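**Q** just coords:
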RNA sequence: GCGAGAGUGGCGGAAUUGGCAGACGCGCCGGACUUAGGAUCCGGUCCCUCCGGGGGUGGGGGUUCAAGUCCCCCCUUUCGCACCA
């Protein structure tokens, strides 16, 4: 921001004195240090903790933390015992890449980042309970991350296998499926390739059905639930075991369309399928090998593109269809994925579009075995008929519907031991190994005699060793592999020579359980304090970005279910109530360092103050929608606070000892009555809007109230009702401009903090005025609007309406057909 | 390609169940105060108008006394998924 512009902006009130003063006061008096031993009316308000990547906190963070804090402040004023912690998800690549560039050790740069971000966070003026601050890089934290790994290992839920995995050549590490976005690395946007590596996985697939079932209990955005459902991708179908003829090997396939099994004209294996080598005939070997190399070389993007032409090779082998005994050729093609189902499919070109395209390209036969219900077979298909219908050309099954056929065929296959009904998932096990330095070491020792042995719990944490060489080898081993003091150890079981695991864990493991640790981050008898967890979990409100739908949010649910299963927690879902803040873009694009469009709030806070900035974010629009950052309106909010300051500051000094009568709308008159009614309407609307996170309209209601207070004040001397409104207004401002309200509260002579008081009740009777504006329409067009007493009856209103010259003009010479009267709204006169 | 959401003034955005379209704010115009306005307070601001009115919520059709809101078709756009057998 230009200096020149800065100097032009008029400081509306002394926020630069007020804001630091009250932040200091809140900290010194432990106003936001939550009494966790008190669990009545508890409200655990959690925002996703910050990932200190070396960048400053930007507008998006503020939008999450600042606005959610306002919601939490409102809840605190409504009597809840609010716990609002903050911490740092500080392991990960950015610190390490920074180290590679500058030579500054990640531990050092991370500490610097955290110190800077802590300072930035403090300017929000949020109710963070800093006594519960934590960082995932603290050995006392990751000790327990390792402990959780060992518990999973003991239950068989952490295991190592060799598999083709996502490899980012730029980050020189593997990635989980969840971290691959459109074939590119989530972090650096580099294209992903596949490599066969031995890696650690968490067996999240065991929890697939429970993760799905749990959705029913969740108060989450429907879209987020849908994303998880799609990601898990449960699919009901049938496994059918074909037999390769020359080697007599079973090849199971998964299909959702067992009813089309008579239409199978060939079979396709994924190029990486282990059986390919065994079944390929010598004369086909050369072509098949070439194709496998070709397929493996392709990037994820090329490989999964739906628009490219089908490719494949014939293996020379044949399989037998267990239903009709037919001999069909076995092909390999990259449109079949090793990772899904059995990595092999039965091809039904007549009823699957992909198979159809493949068959046309390679001149394989197409057979029609399903015809439309109440329709005729197409004869010559121009595309696959993929809908359900009636079975034809299917032996004994002819005439059955697809649904009946699927059941019948599954039963038959089971009876001859060649298949059964089966459920498949798209979800894969969670790959948690990373070949990077700045992460939690996996607490496993490899012993020649005993195999994989977990480190004794008493020897945790396995500390991340010191080194100056963070460069990953790029051969699939981590920088830790080069540190012989770290690698060479003895087996915890047999005491013999052994080597440590050198991979570190995905940072998403760190964040699966931080909400539990927050309650007692110094607890040292376990990962979390079970007593406090019983009292305070689950989280009552969780707010963060929707980009974590199938990563953090799913992983945390999985780990929590695991805790539940081993009796560590009493609830299955850690975050029953979730909301997302919208994304704040800038210049039409998502903020990112590479685009150079990141907006840092610090300058705005210097010029306008933290309260103005917070309110502007809330006022910008719908919270869940976000929007494009445009600072042209921020001065309007600043001006509004100035306006409030100028009408409150001169009038508050007597408030703390001022006695107000019990106002009643019946005994008030004129502007006093109007103001009193508007005040109560505003309090009511403010509460309702805040509950619904409609912050923009809550603020606009307060603006309207202030406008009326100006009118009321200018119209005469300050009345009791005016002073009453002045007082209530301080509380309406408290959640949205906390420093500002605290100052006025003290100027009014009150002591303590306003956040230890209660939000005002409203007078229900006074939320409705007794005069209302009703409209008169003729043929649906507005002809008059009349101020009338509330609940006026049709007859009385018609008399007034007919008396109106504008209405009369439009009735002249017409005959009235009917009249529609909606109480307190309108009268519509239909004429001809 | 499939699925979900969105489309309202110059701009951000408001509009319970269908019932005054454009709240509130920005910007702009005018007035007051003033040496001054970049501060403040007040007023105006959807478009057209012969001042009677007429038109208007992406486009087209429909239901209704009444449609931003409901139904059908189309366009644009955001997000998610995308060879998952």
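**A** Arrived safely. The shown structure was predicted, so the numbers you read here are calculated from the model rather than taken from an experiment.
**Q** phi, psi of residue A:568?
**A** Per-residue torsions, residue A:568: phi -90, psi -30 (degrees, to the nearest 10).
**Q** what does the model give the residue of the stretch 551-700 of chain A at minimum distance from RNA strand B for pLDDT?
**A** Proximity to RNA strand B, evaluated over the stretch 551-700 of chain A using C-beta to the nearest atom of the strand, is greatest for residue A:636 at 2.4 Å. For the C-beta atoms, the positions are set from N, CA and C on the backbone; glycine is no exception. On pLDDT, residue A:636 comes in at 94.
**Q** number of residues surrounding it?
**A** The local packing of residue A:636 (other C-beta atoms under 10 Å) involves 12 other residues.
**Q** ok so it is a helix residue?
**A** Yes: assignment of residue A:636 by DSSP: H, G, I helix; E, B strand; the rest coil places it within a helix.
**Q** please parse chain A into its domains.
**A** Here the domain assignment for chain A is A:12-135+A:513-603, A:144-203+A:430-508, A:235-424, A:631-761, A:771-831, based on automatic domain parsing.
**Q** so which bits of the stretch 451-600 of chain A are right by RNA strand B?
**A** Contact residues (C-beta under 7 Å from any atom of the strand) of the stretch 451-600 of chain A with RNA strand B: A:546, A:547, A:550, A:590.
**Q** which residues does the last one contact?
**A** Residue A:590 makes contacts with residue A:583, as judged by C-beta atoms under 8 Å, 6 or more residues apart in numbering.
**Q** could you point out which element follows the lowest-mean-pLDDT helix or strand in chain A?
**A** In chain A, the helix or strand scored least confidently by mean pLDDT, DSSP states H and E is helix A:3-8, which has a mean of 48. Per DSSP states H and E, the first helix or strand lying C-terminal to helix A:3-8 is helix A:15-28.
**Q** closest one to residue A:211 among the domains of chain A?
**A** domain A:12-135+A:513-603 (6.0 Å; C-beta to C-beta).
**Q** state the mean pLDDT of the closest one.
**A** Domain A:12-135+A:513-603 shows a mean pLDDT of 94 in the predicted model.
**Q** and the nearest residue to residue A:176 once chain neighbours are set aside, bridged to which residues?
**A** Closest residue in space to residue A:176, ignoring its immediate chain neighbours: residue A:431 at 4.7 Å, by C-beta to C-beta, 6 or more residues apart in numbering. Beta-bridge partners for residue A:431, by DSSP bridges, are residue A:201.
**Q** next up, the contacts around residue A:431.
**A** A:165, A:166, A:174, A:175, A:176, A:177, A:199, A:200, A:201, A:506.
**Q** in a markdown table, list those along with neighbour count and secondary structure.
**A** Shown next, in a markdown table, are those (neighbours: other C-beta atoms under 10 Å; DSSP: H, G, I helix; E, B strand; the rest coil):
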| residue | neighbour count | secondary structure |
| --- | --- | --- |
| A:165 | 23 | strand |
| A:166 | 20 | strand |
| A:174 | 25 | strand |
| A:175 | 20 | strand |
| A:176 | 24 | coil |
| A:177 | 18 | helix |
| A:199 | 22 | strand |
| A:200 | 25 | strand |
| A:201 | 20 | strand |
| A:506 | 29 | coil |
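**Q** ok, the residues you listed vs residue A:798, which is closest?
**A** Nearest to residue A:798, judged by C-beta to C-beta, of these is residue A:177 at 68.9 Å.
**Q** for the residue lying closest to the closest one once chain neighbours are set aside, which three-state class applies?
**A** Using C-beta to C-beta, 6+ apart and skipping the chain neighbours, the partner closest in space to residue A:177 is residue A:428 (5.4 Å). Three-state assignment for residue A:428 (three-state DSSP): coil.
**Q** residues contacting residue A:261?
**A** Residue A:261 makes contact with A:240, A:255, A:321, A:323, A:324, A:346, A:348, A:394, A:409, according to C-beta under 8 Å, 6+ apart.
**Q** make it 7 Å
**A** A:240, A:321, A:323, A:346, A:409 (C-beta atoms under 7 Å, 6 or more residues apart in numbering).
**Q** okay but the second one is in contact with residue A:347, surely?
**A** If I follow you right, that is residue A:321. No: between residue A:321 and residue A:347 there is no contact under C-beta atoms under 7 Å: 11.2 Å.
**Q** circling back: save the contacts of residue A:431 as CSV, and put in distance to residue A:522 and pLDDT too.
**A** Output for the contacts of residue A:431, formatted as CSV (distance: C-beta to C-beta, whole Å; pLDDT from 0 to 100):
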residue, distance to residue A:522, pLDDT
A:165, 37, 85
A:166, 38, 87
A:174, 34, 87
A:175, 34, 85
A:176, 31, 85
A:177, 36, 84
A:199, 34, 92
A:200, 29, 95
A:201, 32, 96
A:506, 26, 94
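**Q** now, among the residues you listed, which is nearest to residue A:57?
**A** residue A:506 (23.5 Å).
**Q** which phi and psi does residue A:639 have?
**A** Here is the backbone geometry of residue A:639 (degrees, to the nearest 10): phi -60, psi -40.
**Q** to clarify, my last question referred to residue A:608.
**A** Dihedral angles for residue A:608 - degrees, to the nearest 10 - are phi -110, psi -20.
**Q** still on that earlier bit, common neighbours of residue A:321 and residue A:347, please.
**A** residue A:264.
**Q** what about the residues of the stretch 451-600 of chain A next to RNA strand B, which are in strands?
**A** Applying DSSP state E to those, the entries found in strands are residue A:590.
**Q** write the PyMOL selection for whichever of the residues of the stretch 451-600 of chain A next to RNA strand B are buried.
**A** To isolate the buried ones among these in PyMOL, judged by 16 or more other C-beta atoms under 10 Å, type:
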select buried, chain A and resi 546+550
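**Q** tell me which two of the residues of the stretch 451-600 of chain A next to RNA strand B sit farthest apart.
**A** Top of the distance list for those (C-beta to C-beta): A:550 and A:590, 18.1 Å.
**Q** centroid residue for chain A?
**A** For chain A, the residue nearest the mean C-alpha position is residue A:546 (3.0 Å; C-alpha atoms, centre = their mean).
**Q** please name the nearest non-neighbouring residue to it.
**A** residue A:580 (4.2 Å).
**Q** please apply the same query to residue A:116.
**A** Residue nearest to residue A:116 in three dimensions, not counting chain neighbours: residue A:56, with 7.0 Å by C-beta to C-beta, 6+ apart.
**Q** confirm that neighbour sits in a helix?
**A** No: per three-state DSSP, residue A:56 lies outside any helix segment and is coil.
**Q** what's the distance between it and residue A:629?
**A** Using C-beta to C-beta, to the nearest Å, residue A:56 is found at 15 Å from residue A:629.
**Q** these two - which one has more neighbours?
**A** Per other C-beta under 10 Å, whichever of residue A:56 and residue A:629 has more neighbours is residue A:629, with 18 against 15.
**Q** was I right about that one contacting residue A:597?
**A** No: in this structure residue A:629 lies outside contact range of residue A:597 using C-beta under 7 Å: 8.8 Å.
**Q** which neighbours do the two have in common?
**A** Both residue A:629 and residue A:597 are contacted by residue A:586, under the criterion C-beta under 7 Å, 6+ apart.
**Q** which bits of the stretch 601-750 of chain A sit near RNA strand B?
**A** Applying C-beta under 7 Å from any atom of the strand, we find that the stretch 601-750 of chain A lies next to RNA strand B at A:619-622, A:625, A:627, A:630, A:632-633, A:635-637, A:639-640, A:642-643, A:646, A:694, A:696-697, A:699-700, A:703-704, A:707, A:710-711, A:714.
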